[in-house]
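Chemist: build me a model from this:
(3 chains)
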Amino acid sequence: MSFSKIKRRDFLKIMGWGGVGATLVGCDLPTTVTLEEGKEKVVSYLMPEEYVIPGVGVWYASTCQQCPSGCGIHGRVREGRVLKLEGNPASSVNKGRLCQMGQASLQAHYNPDRISKPKIRRGSSLVDATWEEAYGLIAEKTANISGSKFAWMTGSISGHQSVLLQAYLESIGSGNHFVHETINNAVWAKVSQDMLGDSNPRIRLDKAQSVLSFGADFLGTWGSPLHFSTEYAKFRTSPRGILIQVEPNMTLTGANADLWVASRPGSEGALALGIANQLVSKHGLSMSGLPGSVQSLIRSYTLDETVTATGVDADRIADIATTLKRRSPSVVLAGASAQGHEHGYQCVAAAMVLNVILGNIGKTIESNGEFAYASMAPVSGNTQSLVSFSQAAADKRFDVAFFSGVNPVYTAPKSLGLKESLANIPFKVVFSHFNDETTAMADVVLPLASAEEDWGTHVAPYQAGVGEISIQQPLMEPLSTETRGFGDIVLTLLKKRKESAYEGFADYYAYLRNAFSTIPAEHKNGASDDQFWADVLAAGLIDVGVKEASLKVKGVEFDMPKEMGNSSAMVLAPSARLGFWDGRHANLPWLQEAPDQISKVVWDSWAELHPSTAKKIGVKEGDMVKIASASGEINVKVYIYKGVHPDVIAVPLGQGHDAGFSRYAKDRGVNSLSILDAKVDRMTGELALYSTNVKVTKAAKTDDVLVRFGGSETQVGRKLVSTIPADVYERTEGGDHVA
Amino acid sequence: MSVLQHLPLGRFIEAASRGSRQTKQTVQVSFIVMLLMAAMALFSANVNAEVPNAVPPEGTYSGIHVEQPIEFPHDTHADINEINCMYCHTYARRSKVAGIPPTSKCMGCHSVIATDKPRIQKLTEYWENKQPPLWNKVHDVPDFVHFTHEKHIKRFVIDNEDLEVENVSEVCAFCHGEVKKMTVADKVKPLTMGFCQRCHQANDGPSDCWHCHK
Amino acid sequence: MSLSNLIDDWSRYRKGREEGGFHDYEHMWGMSIDLNKCIGCNACSVACYAENNLAVVGKEKFEKGQGMHWLRVERYWDEPDLGEERTSEFQQHGASFLPMMCQQCNAATCEPVCPVAATYHTPDGLNAQVYNRCIGSRYCSNNCPFRLRYFNFWSYYEDSWPAPLQMQLNPDISVRDMGVMEKCTFCVQRIRTVKDTARMEDRKVRDGEVQTACSQTCPTGAIEFGDMLGMYDPESGVAETRVTKMWRKHQVELGKTKQNKQTPDMRGYRVFEFLNTDPCVMYLDRVREV
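Modeler: Residues are numbered from 1 along each chain as shown, chains lettered A, B, ... in the order given. Presented below is the predicted three-dimensional model:
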C-alpha cells in the first residue's frame, strides 16, 4: 500500500519537474490580453486625509435603509467606491450582523436603472427637466394651497427627516401625513397599547423558554428581524427554548420551529382562546385581571369547541398548553397572518391574553422605555393609511400629494381603486430612486440620492431598551450629479416657504451638523463640539437614553366571531419574505438570484399548495393555476409542499412589477397584493391581507418554467443535516455557554 | 471618473483589516520621514550602489512610451535634486499599490518653487480647478495578480538594515528600472511571472501560487 | 517554482499523514457551523456574492444548474414516518437548512485530478484554485463529492455587471471569465490582507482577525471561522482559537474517517466524512424538540 503511494508521489515529482521547464518559458511571455498599459487612466487624489491610502479599505459607519428596522452598518470604501457592507457591532439593533437585504443595498446604489434626472409631466409622458424647473413648479402649485388640500405619504420615518417633514407640513398648515408600510405589526402595536399601555413592548427572546407565535415571522419580516435573529441565537442556546409557530403557510420562522402548526387563516384567535381555556381549566392558571366578558369568552372555548373552530387536533391544543405552562417563562406573539382579518384585532388580543394568563408581562414582555425626543421618534407605517388615503383621493380631497419611500400603486390592492383615484389629485410629486408604478402616475419625479450617498439620522423603531440615534452618512460621492438627498430636497422646499427660518443652513448636512451641536451637553461626555460630531460619525450612533416606563395590564373587552375558522373556501395568503420585502427589492439581481428560503424558487413568483389541494385541483409542481378573487385574477406556477394549510394558497410578495421597475424585475411573476379584497380589520382599519377568498383552477401551461435551486427535496437517507433531540443537547451541552 | 477623485465624506473608523495598524504606521511613517530628512541632508554621490542582502531580478523589456498629461521629470526630482522615491510615493510602504502622489503633495513645493515653468503652471491650473490630472498607466500587472508594494519595501528596505536609505531607488529599480534617469516613467522591466519567479527564488520569496494569484 | 512547489506541499501533507497527522502548515483554516442556530435566511450567500464578485447568471442559466453561488443554503424536508405507511400531513418540525460551501478538504478529491495543477493545497491548508492556470477541464468538479465547484460556462462580465454595477466589484479578487472553474476560497483575499498586515507589524495573526464574509454577516452567529493549527501543533505558538475550541468541544478531529468520540452525543460531524476527504468544515447537529 505505502509502496504504491511512494511510487505515485515520485511519479508526480518527476512529472512536476518536467513540467517546470515548460512552465518557465510560458512565464516569460508577457500577457497581452489583460494589461492596460497606456490605456487605463490612473487618477490621484487631490488632497486626501492622512488615513486614505489607495489600496487600503477604510470603514465608515452609516445606517441601512433597506427596511424600516434601522440597522447600523459599516461600509468598506476603497479608491472612493463603497465595495461591501457589514453590520456595525456598536448598534444595539443588529450587533454587527447584516441580512441579505442589507448586503444587497449596494446593488440599489449602483443599480443601472436608477433615475438620474428630475422629470416633469408634459402631456402623457414624463420628460427630463432641471431641478430649478421642478422646484419652481412645486412652489407654484403649493403657493396658495390650503392645508387640508395637501397630503404627503411616506414610509416609516424618523430622525431629522421626520422633523423637517413635519416642519414642511406645518408651513402648509397640513396634518395629512400618511405613513404606509405593507409589512407592519400595526395591530400588535395597537393591542399592546390598549392592553399594556405601550405600543412597542420589548420581547425578551433571550429570557423566554418557549415561544408561541401566531404568524409572527420575527426571523424574517416581523418587528426588527435582524435584531430578533441575534436574540434567537440566545434563545436556542442552552437552556434551549422551544418554538411553536402557528400559521397558514410556512414562514422563515416557521421553518425553524420545533412544532409547526397549520392554521386556517382567521382561526388563530380561536386557537389562542382554546389554549387559554386549557391553561385555566387544566393547569389552574388565573384569569384575574381580564374583563369578565373575556373570561367567559375563554370559558366558552372548550377543547371541543376549539377543535371545531380551528380544525387543529385536540391533543395538539392540549400539548401546546402543557408546553407553555411547563416551559415558563414563555412569550406569545402575533403577526401578519393573525392580524390580517376583519377580526384581526381580536386574534392578536387573544394572543396577548395568553401572555397575561401565563404571567409573561414584566418577565418576557417588558417596556422598551420612551424615546426622549418626540419630534425625532420613529413613526411606523401601516396599511390603514393606504386605505384612508385611497378614500380621500377618491373623494377628491387633495390638490397636491407628495410620495416618498412608498410605492402605493404597487402595494394597494386594485379593489381600493387607488390608481384610478390618483387621477383626482391634480399635482403629484414622487421622490424615488427608480421608475416604478407610482412614478408612472407622477407629475413631477424627484430623483433621490441612494442610501449610500445621503445624510440622515434614524431612530430604529424597535430598540432593546436603549435610545440610539443612528447616523446615515454618505459612503461615497454621488454617482450622478443630478440626484439629491431627501433631507436636502425637503430643506430646499422649506426655504421656499419660510426662507428666514432656514436660510442659515446651506444644505442638509449643515442642518444636521447644527442639530448635533445643540444636543444637550450630558450626551457629549465633555467633548468639544467638533470632537463630539467626529465621535458620533465614527461610532455611527449615539445613545441618548430612554425615559423609563413600565407596562400595566389593562382589561380590554373583545369578542370572537365563531364562524371564521371553519369555512372551506380557499384563502389567498400574500406571504412576505425577507428578501423582496413588500416588493421594493425586486430590482436587485442578488436577491432575484438568491433562492427563496422555503420554496427555493429564483427569478419568479410561485403559489404554495398543499399536496392534497394540488391533487384536488389536478396540478403538479410547475403547473399553472388561475387564482381568481372578486377583484381580479392572477396566473402563477405552483410549488407543492406540506408547509401550507390545505385551504390556503400562498403567493409570496415581491414580483409582478409592471412599470419597468428595472430590467431585473420586468415582466416577472405576479403581485398577489393586487387581487386582495378591500376588507379591513374592524378595530384598527388595517387591511385584512389574509382574508381574501379565491377560486383556484388549473390553467394552461406556458413556456415559462418554474426554476428552483437544484437538489433533492429530502436528504434521501444521507446524513447531510443531522438532527438530535433537544434532551440530548441539554444533556451534553446544558449549562455550557461557551459556544 | 469624477467619483474616483474625491474622498467620501465622514470620518475614518478603522483600516481594512480592522486591526490597530494606524498607531504602528504613524510610528513607522515618522521614523521614515526622519530618515529621509537625514538622507537629504547627507549629500551622497553614490548613484549605482548595490543593494545589500538582495539579488536583483534579471530581465529587460522595452515597453511602449506612454505620453502623460504633464511630462513629469523624474530625473529633475530624483537625480538632480536627489529627492528620495518614498518622499512622493509614500503609499508604496503602506499599501499594496504605490499610487500616484496626491496633487496636494506636488503643490506643497510647487506653490513656491519653479512657478514660472509651463509644466508647473499646467499643474497649478489642475490644482485650482480641483481636478487631479488623469495619468496614463505605465506599469500594470494582470488582474489575477496580487502584488503588494508594502511587503517588498519591508523585505528590501525596512527590514534591510544594511541598506543606506538614500539608495532606496536601487530597490525600486529592481522592477521599475532607473526611473531617475527618465522624465516620465517607461516600462523597462518585463514584470512577467518568470521575472517575479526568478527573483523570488534568488531571494527566498514565497513560491506558493496563492501568494500572488487571486 | 510553482509546480514543483505544489507537488512538494502535496507530498509533505501525504507524508505527514503517514507519520501521524501533522504537517508543517502556516495556518489551518477551519470552520464550524451550528445548525441549531442557522435559520436558513440566506444572508451568508448574498454576502458571498458581494465579497467575491460572483456572477448573477439569470433565470435561464440558473435553470441549467449554472448558478454561481459559492455558498448555497440547502433546504431539506423531513419525511416523518408515522408507521403503517402513513406520513405526516404537515412539515411539523420545519425545515432543515444546510449552508454548503467548499469544505476545503485536506485530502481533496479535486486536487489530484487537475491536469494542470490549477487546484492544489496551500501551506494555509486551503484548497486553492488558481484561475489563470485553469484550463476548464472540469475534472475537479466531477470529482467533488459535495458539488461545490462552479464552472464559468459563459463570460458573465457584460450581463452581470452593467455599468455602474461593476463599480462594486472587489478589486482584491479577480473576475473570472469563461472556461474557468471557481469555488469558495474561505475569503482568501481577507486572509491575505490580514496576513500582510500581521507581517508588516511583525506579529502573528490574531484569533478573530480574519472573518469570512459569511461568518461576519451571519445574523445568528452560526458560522465560526479561524485557525485550527493550534489544535494539531501546540508547538506552533498558535493559541487555542474559538473555532479550535468548538472542534475540541465537539470531539471532531481532522485526519479521521470516523470519529471516536468520548461523548458520542456531542453534536460535531463532518458531511461525508466516510469518504476520507478530511473536510475542514465541521457542522453541529440541528436540534429539535420532539
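
Chemist: so which residue is smack in the middle of chain B?
Modeler: The centre of chain B sits closest to residue B:89, judged by C-alpha atoms, centre = their mean, with a distance of 4.0 Å.

Chemist: that one touches residue B:98, doesn't it?
Modeler: Yes: Residue B:89 is within contact range of residue B:98, at 5.0 Å (criterion: C-beta atoms under 8 Å). Heads up, the C-betas are built off the backbone N, CA and C, glycines and all.

Chemist: what count of nearby residues applies to residue 175?
Modeler: Since you didn't name a chain, this refers to chain A. Counted by other C-beta atoms under 10 Å in any protein chain shown, the residues lying close to residue A:175 total 12.

Chemist: oops, chain C please
Modeler: Residues near residue C:175, counting by other C-beta under 10 Å: 21.

Chemist: and residue 63, how many residues sit next to it?
Modeler: The chain I'm using is chain A. 27.

Chemist: try chain C instead
Modeler: Residue C:63 has 17 nearby residues by other C-beta under 10 Å.

Chemist: grab the nearest non-local neighbour of it.
Modeler: If the residues on either side of it in the chain are set aside, residue C:63 comes closest to residue A:707, at 4.4 Å by C-beta to C-beta, 6 or more residues apart in numbering or on different chains.

Chemist: what sits against the one you found?
Modeler: Going by C-beta atoms under 8 Å, 6 or more residues apart in numbering or on different chains, residue A:707 touches A:601-604, C:59, C:62-63.

Chemist: from residue A:47, how far off is it?
Modeler: Residue A:707 sits 51 Å away from residue A:47, going by C-beta to C-beta, to the nearest Å.

Chemist: now intersect the contacts of residue A:707 with the helices, please.
Modeler: Those of the contacts of residue A:707 mapping onto helices are C:59, C:62-63, per DSSP state H.

Chemist: list just the nearest of the residues you listed to chain B.
Modeler: residue C:62 (25.9 Å; C-beta to the nearest C-beta).

Chemist: for residue A:664, see how far away the residue nearest to residue C:63 is.
Modeler: For residue A:707, the distance to residue A:664 - C-beta to C-beta - is 15 Å.

Chemist: residue A:574 now?
Modeler: 21 Å.

Chemist: where does pLDDT dip in chain B?
Modeler: Scanning chain B for pLDDT under 70 picks out B:1-49.

Chemist: which parts of it are strands?
Modeler: B:134-136 (DSSP state E).

Chemist: ok, the stretch 501-650 of chain A next?
Modeler: With DSSP state E, counting those that start in this stretch as the criterion, the stretch 501-650 of chain A has strands at A:541-543, A:546-547, A:570-573, A:607-609, A:624-629, A:632-640, A:648-650.

Chemist: and residue A:666, how many neighbours?
Modeler: For residue A:666, using other C-beta under 10 Å, the count is 14.

Chemist: correct me, but it touches residue A:657?
Modeler: Yes: contact criterion C-beta under 8 Å: residue A:666 and residue A:657 qualify, at 7.1 Å.

Chemist: on the three-state scheme, residue A:77 is what?
Modeler: strand (DSSP: H, G, I helix; E, B strand; the rest coil).

Chemist: what sits against residue B:153?
Modeler: Contacts for residue B:153 (C-beta under 8 Å, 6+ apart) come out as B:86, B:92-93, B:171.

Chemist: gap between it and chain A?
Modeler: 13 Å (C-beta to the nearest C-beta, to the nearest Å).

Chemist: from residue B:170, how far off is that residue?
Modeler: Taken as C-beta to C-beta, the span from residue B:153 to residue B:170 is 13 Å.

Chemist: I figured residue B:156 hits residue B:56, correct?
Modeler: No: if you go by C-beta under 8 Å, residue B:156 and residue B:56 don't touch, sitting 9.8 Å apart.

Chemist: so for these two, which sits in the more crowded spot?
Modeler: Here residue B:156 and residue B:56 are compared on neighbour count by other C-beta under 10 Å; more neighbours surround residue B:156, at 21 against 16.
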